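Engineer: Can you look at this prediction? I've put the sequence above it.
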Amino acid sequence: MSWLSPTLQVLLVEALWETVVMVGASAAIAVAFGLPLALLLHVTAPGGLSPNALLNRPLGLVVNATRSTPFIILMVAIVPFTRLVAGTSIGTGAAIVPLALAATAFLARLFENALREVDRGVIEAARAMGATRLQIVVKVLVPEALPGLVAATTVALVSLVGFSAMAGAVGGGGLGDLGIRFGYQRFMPEVMATVVVILILFVQGLQSLGDWLVRRLSHR
Amino acid sequence: MASHRPLPRVPLPGQPDRPAPDAIALDGVSRRFPGGAVALDEVSLAVREGEVFGIVGRSGAGKSTLIRTVNLLERPDAGAVRVLGLDMLALDDAGLRAARRSTGMVFQHFNLHTRRTVAENVAFPLEVAGIPTAERRARIAELLPLVGLEAKRDAYPAQLSGGQKQRVGIARALASRPRILLCDEATSALDPETTRDILALIGDLRDRLDLTVLLITHEMAVVKAICDRVAVMEAGRIIEEGRVFDVFTRPAHPTTRSFVAEVIGLDVPEATLARMPPPPPGTIRRLAQVLFTGPHATCPLVSEASRRFDLDINIVSGRVDEIAGEPFGVMALAAGGSAGQVGAAFAWMRELGLIVQELDR
């Protein structure tokens, strides 16, 4: 990277690390919260394992509301919440909170779709064999949906890389922020180009990894 | 198979035997779908222990809903469901789960777990029942040879043929040693040859494991191949019910007749009829389908009728078959002679117990 000054090179490596941390941490949180949320949505849906409109409707509404708020606005709107959780409203750690929140809602919907793809016949067979609802969720629904869940996580990861570029607005750093501040605002096209190329490679890597995992997991 | 007592084949339900207790008894079962469509309209049904009972009907007749009420995958709005003497509708969740474990079920589309191997699929009901791993492994080692799949134990369903998938489904259904096997169109997704294999397997397992089998199908050939008794369903009701041989040879309801015709009907070749010379002046020729059953299946009826009534009898087509182990013959005759004699010959055949059906020409 001789076209960049040593200082910029250091900044670039730092920014890459910040992106990895933001995307990785928020994705992990989103999976941890998004899967139970998706299961709850799926199971309480009409025709589900235990239909419950009283739970399903409000839950779906909250997920949709979060999904429809543009990320840059969501980030600013939940600053008090972010301060409560992260102790600060600026920096990489603070950026993880809104990223995780947006990704949780996004993943909950994607996961719900993956769960819906599970053959109803297999669920019925499990019922016929005397499985409890919990057993059906743990031993049938999630395992059968796993390739779909992994594919959904890959999509969310790629989206998170995009969202994380906006984290600069709250001082979160990362590659996108570097590109804006140096490449755009300081007229350094070589920085912008480098950032873009790294992001492309990063996303490609994520996608390939996800695809490979899905192939390994599915036996269709 | 040390774990299964070899049992003598149960007597055919048609033979005089001591009345077996009912394995499945439905009484006045009704089910209306949200939206108003009536799926089941006061259906009553008794499946005796050890028999293979078939329910046949077109799609939408309600047979699928009916078989699902037996293990309460579908809860009826009214009526009683008793399985092995147990009042299913009175059970709590845990009781119902236990009852479901004593009723194996096989499905049209196999419903296997795509991400589990054959052995893992078969293990599923045992896992669910909390059977320890070692015991599960031993049970799988018994079950796979039973369905001829020892070599495929580590294969995934996607690597199996339809027939093999259904064998996995059968092994899985039998894993927790049920006394009842429910077959929901178990062969409808299979080709005719595989259908024969799977039906033979189910029949064989019934004998070896002393099972009661309730199956639903839209194919009369399945009923003919394996069932002892049959019920015909239409519009949520049972319109005819009886021993398979009786229903096949003396169908009462028009729907049953059309079902039966699919299997034992004779196609009279038009070309053959056209090639027959016109009947001599003063005589007639009538076409009839004659069903030979029981002791008459082997009588020299044609030559006898020909001599007695001075007829020219032409056999247009015919074959000998077997239903539920009983032989029967069916042939299409063209009988020529004087009008009175032809009628008398048909009447004589009917008197002998043959089923004579004049074919419209």
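Structural biologist: Structure's in. What do you need? Numbers count the residues shown, from 1 in each chain, chains lettered A, B, ... in the order given.

Engineer: remind me, longest helix of the chain?
Structural biologist: I'll assume chain A. For chain A, the longest helix by residue count, based on DSSP state H, is helix A:6-44.

Engineer: Hmm, no, I was thinking of chain B.
Structural biologist: When secondary structure is assigned using DSSP H, the longest helix within chain B turns out to be helix B:192-209.

Engineer: Summarise which helices and strands that one is packed against.
Structural biologist: strand B:52-57, helix B:162-174, strand B:180-184, strand B:212-217, helix B:220-226 (3 or more C-beta pairs under 8 Å, 6 or more residues apart in numbering or on different chains; DSSP states H and E). From N, CA and C alone the C-beta is placed, and that goes for glycine too.

Engineer: Let me see the mean pLDDT of the longest one.
Structural biologist: Yep, that's helix B:162-174 we're talking about. Averaged across helix B:162-174, the pLDDT comes to 97.

Engineer: neighbours of the residue nearest to residue A:19 when sequence neighbours are not counted, just the number please.
Structural biologist: Once flanking residues are discounted, residue A:19 sits nearest to residue A:174: 4.2 Å by C-beta to C-beta, 6 or more residues apart in numbering or on different chains. Residue A:174: 27 surrounding residues under other C-beta atoms under 10 Å in any protein chain shown.

Engineer: Would you check that residue A:174 makes contact with residue A:18?
Structural biologist: Yes: taking C-beta atoms under 8 Å as the definition, residue A:174 is a contact partner of residue A:18 at 4.4 Å.

Engineer: Show me the contact partners of the longest helix of chain B.
Structural biologist: For helix B:192-209, contacts defined as C-beta atoms under 8 Å, 6 or more residues apart in numbering or on different chains pick out B:1, B:4, B:6-7, B:9, B:50, B:52, B:146-148, B:161-163, B:166-167, B:170, B:174, B:177, B:181, B:183, B:186-187, B:190, B:211-213, B:215, B:219, B:221-222, B:225-226.

Engineer: List the buried residues for that helix?
Structural biologist: The neighbour-count check on helix B:192-209 (16 or more other C-beta atoms under 10 Å in any protein chain shown) flags B:194, B:195, B:196, B:197, B:198, B:199, B:201, B:202, B:203, B:205, B:206, B:209 as buried.

Engineer: re the thing from before, give me the common contacts of residue A:174 and residue A:18.
Structural biologist: Taking C-beta under 8 Å, 6+ apart as the contact rule, residue A:174 and residue A:18 both touch residue A:92.

Engineer: Contacts only, for the residue nearest to residue A:19.
Structural biologist: By C-beta under 8 Å, 6+ apart, the contact list for residue A:174 reads A:15, A:18, A:19, A:22, A:92, A:95, A:164, A:165, A:167, A:168.

Engineer: List the residues that contact the second one.
Structural biologist: Going back to what we said before, that points to residue A:18. Counting by C-beta under 8 Å, 6+ apart, residue A:18 touches A:92, A:172, A:173, A:174, A:175, A:177.

Engineer: can you list the residues of chain A near chain B?
Structural biologist: Within chain A, the residues that sit near chain B (C-beta under 8 Å from any C-beta of the partner chain) are A:119, A:121-122, A:124-132, A:135, A:139-140, A:143-144, A:146-147, A:217-220.

Engineer: Narrow the residues you listed to those that are buried.
Structural biologist: Buried by 16+ other C-beta under 10 Å: A:119, A:122, A:124-131, A:135, A:139-140, A:143-144, A:146-147, A:218, out of the residues of chain A next to chain B.

Engineer: Each with direction, which strands does the helix or strand containing residue B:242 pair with?
Structural biologist: In this assignment (DSSP states H and E), residue B:242 forms part of strand B:237-243. Here strand B:237-243 has these sheet partners by DSSP bridges: strand B:229-234 (antiparallel).

Engineer: Closest approach to chain A from the stretch 151-300 of chain B, which residue is it?
Structural biologist: At 3.9 Å from chain A, residue B:156 is the closest residue in the stretch 151-300 of chain B, using C-beta to the nearest C-beta.

Engineer: Which residue comes closest to that residue once chain neighbours are left out?
Structural biologist: residue A:219 (3.9 Å).

Engineer: My read is that that neighbour contacts residue B:154, right?
Structural biologist: No: if you go by C-beta under 8 Å, residue A:219 and residue B:154 don't touch, sitting 11.5 Å apart.

Engineer: Would you mind giving the secondary structure of residue 122?
Structural biologist: By default, I'm working from chain A. Recorded secondary structure, residue A:122: helix (DSSP: H, G, I helix; E, B strand; the rest coil).

Engineer: Next, the contact list for the residue lying closest to it once chain neighbours are set aside, please.
Structural biologist: The shortest distance from residue A:122 to any residue other than its chain neighbours is 5.0 Å, reached at residue B:111 (C-beta to C-beta, 6+ apart). Contact analysis of residue B:111 by C-beta under 8 Å, 6+ apart lists A:119, A:121, A:122, A:124, A:125, B:169.

Engineer: Where does residue B:111 sit, in terms of helix or strand?
Structural biologist: For residue B:111, there is no enclosing helix or strand under DSSP H and E.

Engineer: quick one: residue B:246 is in a strand?
Structural biologist: No: in this structure, residue B:246 is helix, not part of a strand, as judged by three-state DSSP.
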